[in-house]
Each structure stands twice: as C-alpha cells, then as structure tokens.
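Peer 1: Here's my sequence, what's the structure:
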Amino acid sequence: MKFYQLTPEERRALLTKQGIKLDAIDPATLHQLDQLSENVVGQLRLPVGLVPNLLVNGQRYWVPMATEEPSVVAAANHGANIFSKNGGVTAQSDRQGLDGQIILQSTSDFEPTALRTLFPQLIEQANHEFASLVKYGGGVKRIEMRQKAELIYLKVLVDPAEAMGANKVNSILEFLAIKMEKLPGIKAKLFAILSNYPSQLTTVRVKLMVNTIGGLAVANRIALLSKIGQTDVYRAVTNNKGIMNGVHAALIATGNDSRAVDAACGVLASQSGQYASLSKWYVQGDNLCGELTLPLAIGTVGGSITARSDVRQNYRILGKKITTAELANVIATIGLANNLAALLAISTDGIQKGHMKLQSRNLVANLSATTQEKEQVLQLLTQNREYSQAAAVKFLQQVREKE
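Peer 2: Residues are numbered from 1 along each chain as shown. Below you'll find the predicted structure:
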C-alpha cells in the first residue's frame with residue numbers, strides 16, 4: 001500500500017520501525033486530524049493568547065491569537081490599549097467578492113462581441129447551478145474580458161458570502177469554462193482558477209493624542225519611520241512583517257488562509273511599482289494618525305472553520321454571530337496595533353529589550369529544572385537583563401547553590 005493509503009497508526013508504526021521517536025497522541029484526536037489533512041502522523045499545537053480590549057467601530061472584542069511568540073500577543077495588547085484610550089479605530093471592509101480567472105485559447109475566427117453578449121446568460125446559469133451560494137447573498141456578479149493575440153482573459157467576480165470561498169469559486173469557474181470552451185471560436189481552455197490578487201480590502205484608521213504615546217517627539221519619530229518605509233524597501237518589508245505578526249496569529253486562530261493573505265499583501269505593497277509599507281503614520285496637530293489597508297479574503301464559515309473544535313471555540317470568544325466583514329475589521333486592527341507597538345519600541349527603548357524579556361520564557365522552558373527553580377531563573381534573567389541560554393544555565397546553577 002502507498003503511504004497515503006495507510007491508517008494514521010500504520011504510518012506512525014512505519015516511522016517507529018525506522019527509529020523515529022514519536023510523541024504520544026490520543027487516538028480519537030489522531031483520527032480527527034486525519035480527516036483534515038494528508039499523510040497525518042501527529043499534531044503541532046500552538047498556544048492561543050487573547051487581546052481582551054480591542055475597540056473597533058465602537059464595539060469591544062476579545063481577539064484570539066494563535067502564535068508561539070509571546071511578544072506578538074504582548075505587542076497587540078499594547079497597541080490595542082493605546083487605541084482604546086483614544087476611542088478605538090474606525091474600520092471598513094469593501095467585500096465585493098473574489099476575482100477568478102478563466103484563460104481560453106481562441107481560433108482565428110473568434111468574435112469577442114459574440115462572447116460578451118452571452119455574459120448575462122452565463123451568469124444566470126452559474127447562479128442557478130450554485131443556488132445555495134446565492135441563497136446566502138453570494139454568487140457571480142460580473143464577467144470581464146480582454147484579448148491578447150490568441151489568448152482570451154476572463155475575470156469573473158464572485159461574491160462568496162460569509163465563506164472564504166476558494167473551493168466554491170473554483171467550482172463556479174470550472175462550470176463557466178466548460179460552457180465557454182464549447183462556443184464557436186474557442187480552441188481550448190487553458191485554466192479556470194481563483195486569483196489571489198488583492199480583493200476584499202479592509203481599511204482601518206486611528207487618531208492618537210500624542211501624550212498617550214510619549215509625546216510629540218515620539219510621534220514625529222514614528223511618522224519619520226513611516227515615511228522611510230514608503231521609499232526604502234529594507235524598512236518597508238520589516239514594517240510589513242511586524243503587521244503580519246498579528247495578522248497571521250489572528251488568521252490562524254480563526255481557521256483562515258494566511259498564505260493567500262500573504263500573497264495578496266505582497267502584491268498590494270508593490271502597487272506603486274515599488275515595494276512599500278502597507279501602513280502610514282503622520283502627525284496632524286496634536287495627534288498621530290495611522291491607517292492600514294489589507295486584502296483579507298477570509299470567511300467565518302465552511303472548511304476547517306466548521307470542522308475544527310479548537311477554531312469554533314475561538315469564534316465563541318470573538319462572538320458567535322461575528323460577520324466576515326467584522327472579522328476582517330478586527331484582524332486589520334490587530335495588524336495596525338502590532339505595527340504601532342513595534343514603531344513605538346523602535347522610537348523609544350529599542351525593540352530588542354521587550355522582545356527578549358518575553359523570549360526568556362522559552363529559555364527557561366528548556367531547562368531541566370523544577371517549576372520553582374524555573375521561576376527563580378526567569379526572575380534573575382529579567383533583573384540582570386541577560387537573555388541567553390548560557391545565562392539561564394548560569395542562573396540555574398546559582399539558584400541550586402543557594403539551596
């Protein structure tokens with residue numbers, strides 16, 4: 001039998017025979033995971049931390065973040081608390097739909113006008129075939145066409161309703177492509193698939209009194225860093241990584257596709273022809289103003305969101321009735337909160353000080369020591385501002401010498 005045809009237990013047994021030590025896992029959990037992926041042999045767990053005070057459009061949210069980086073959750077909380085002191089953020093999601101692509105190869109006698117006249121009929125047929133999506137407010141909204149030599153490029157806008165919708169959109173595109181490839185002047189269908197081009201754009205804005213971030217000098221420094229990020233690719237990519245720290249953690253916690261968002265963000269950051277920071281900060285009077293636009297093709301239903309109990313728990317924390325637009329607003333706000341915290345750190349004490357203080361937990365976790373000893377070592381690392389594995393071992397020896 002091929003590896004994928006084996007049961008999870010058989011796969012694990014095969015690895016064990018090869019001398020690979022595997023951690024124990026509950027059989028029921030193993031079989032549940034086997035339904036979610038391919039060639040499953042185990043699990044990888046992530047802690048879920050919370051941002052309990054995110055104020056978006058006047059509503060407070062408890063936001064779950066799945067990440068092993070304590071500094072990411074701490075930064076999101078720091079930024080969120082500053083936002084809250086200033087009345088929170090305003091956010092808006094433009095969720096017209098996802099773009100799908102159908103590429104056809106034409107013959108010499110292809111008539112573009114003839115195909116365009118069929119668009120309303122094709123849309124009607126697709127929406128009839130996928131009536132369940134239309135029932136929830138989605139469906140095919142528009143078809144656009146351009147031709148380059150013998151290639152016909154069709155862009156199909158599909159509203160996925162409350163789902164991320166990748167599988168549904170691909171099914172719709174295949175349905176339409178099959179209809180089109182039978183038409184006169186069409187030689188072949190090359191492909192029909194969702195595009196991850198930036199769509200479902202969400203914009204968040206915030207206005208902060210400078211005295212809540214350390215004064216006008218700090219605000220001006222943040223604005224200068226932001227300005228540099230618009231022209232210097234080294235600063236821009238690091239700035240955007242800081243944004244994605246929070247965005248990724250929230251996407252993973254809510255069962256959404258972080259890879260698709262990553263790909264779209266890369267394109268959006270390069271829209272001007274030069275890669276630039278996704279966020280912008282500027283001083284206006286006694287206020288530091290910030291804004292961020294992100295492409296968030298996400299959902300709140302379907303796929304692993306429905307299948308995973310750990311993800312469903314996170315939705316209970318967020319609010320079971322949260323809409324996809326609301327979730328996009330929340331995730332973009334988390335990104336801006338992480339961005340503010342990072343820029344504040346760079347503009348004041350430096351980012352490494354707080355980061356390493358939090359990372360000291362990981363250093364202590366690796367020690368072969370009792371819980372009480374680990375707590376004492378953690379305290380010594382923080383007091384002495386020494387953040388290395390060697391320092392952790394040194395302080396553990398000191399603790400034991402005193403016992």
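Peer 1: Rounded mean pLDDT for the longest helix anywhere in the chain, please.
Peer 2: Counting residues, the longest helix in the chain under DSSP state H turns out to be helix 324-347. When the per-residue pLDDT values of helix 324-347 are averaged, the result is 96.
Peer 1: burial of Pro64, as a residue count?
Peer 2: Applying other C-beta atoms under 10 Å, we find 23 residues neighbouring Pro64. Placement of C-beta: from N, CA and C, glycine included.
Peer 1: who's in contact with it?
Peer 2: When contacts are counted by C-beta atoms under 8 Å, 6 or more residues apart in numbering, Pro64 is found next to Val48, Gly49, Leu50, Ala250, Ala253, Thr254, Asn314, Ile317, Leu318.
Peer 1: What's the separation between it and Val48?
Peer 2: In this structure, Pro64 lies at 5 Å from Val48, with C-beta to C-beta, to the nearest Å as the measure.
Peer 1: what touches both of these two?
Peer 2: With contacts defined as C-beta under 8 Å, 6+ apart, the residues adjacent to both Pro64 and Val48 are Ala253, Asn314.
Peer 1: Please enumerate the helices of the stretch 251-400 of the chain.
Peer 2: Applying DSSP state H, counting those that start in this stretch to the stretch 251-400 of the chain gives helices spanning 258-268, 303-307, 309-318, 324-347, 351-365, 371-384, 389-402.
Peer 1: looking at these, which is closest to Val206?
Peer 2: helix 324-347 (6.6 Å; C-beta to C-beta).
Peer 1: between the closest one and helix 309-318, how many degrees?
Peer 2: Here the directions of helix 324-347 and helix 309-318 differ by 80 degrees (axes from the mean of the first three to the mean of the last three C-alpha atoms, to 10 degrees).
Peer 1: Tabulate the helices of the stretch 251-400 of the chain (a markdown table), appending mean neighbour count and distance to Leu296.
Peer 2: Rendered in a markdown table, the data for the helices of the stretch 251-400 of the chain read as follows (neighbours: other C-beta atoms under 10 Å; distance: least, C-beta to C-beta, whole Å):
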| stretch | mean neighbour count | distance to Leu296 |
| --- | --- | --- |
| helix 258-268 | 17 | 6 |
| helix 303-307 | 16 | 14 |
| helix 309-318 | 16 | 15 |
| helix 324-347 | 26 | 4 |
| helix 351-365 | 16 | 26 |
| helix 371-384 | 16 | 37 |
| helix 389-402 | 14 | 38 |
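Peer 1: Okay, strands next: where are they in the stretch 101-250 of the chain?
Peer 2: For the stretch 101-250 of the chain, the strands identified by DSSP state E, counting those that start in this stretch occupy 139-148, 151-159, 186-194, 201-209, in order along the chain.
Peer 1: Tell me which of those lies nearest to Glu174.
Peer 2: Taking C-beta to C-beta, strand 186-194 is the member of these nearest to Glu174, at 5.2 Å.
Peer 1: what packs against the closest one?
Peer 2: On a contact count with 3 or more C-beta pairs under 8 Å, 6 or more residues apart in numbering; DSSP states H and E, strand 186-194 meets strand 98-106, helix 166-180.
Peer 1: how about the strands of the stretch 101-250 of the chain in CSV, adding mean pLDDT, distance to Val40 and mean neighbour count?
Peer 2: Shown next, in CSV, are the strands of the stretch 101-250 of the chain (pLDDT from 0 to 100; distance: least, C-beta to C-beta, whole Å; neighbours: other C-beta atoms under 10 Å):
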stretch, mean pLDDT, distance to Val40, mean neighbour count
strand 139-148, 97, 35, 16
strand 151-159, 97, 31, 20
strand 186-194, 96, 26, 16
strand 201-209, 98, 33, 20
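Peer 1: Good, wrapping up.
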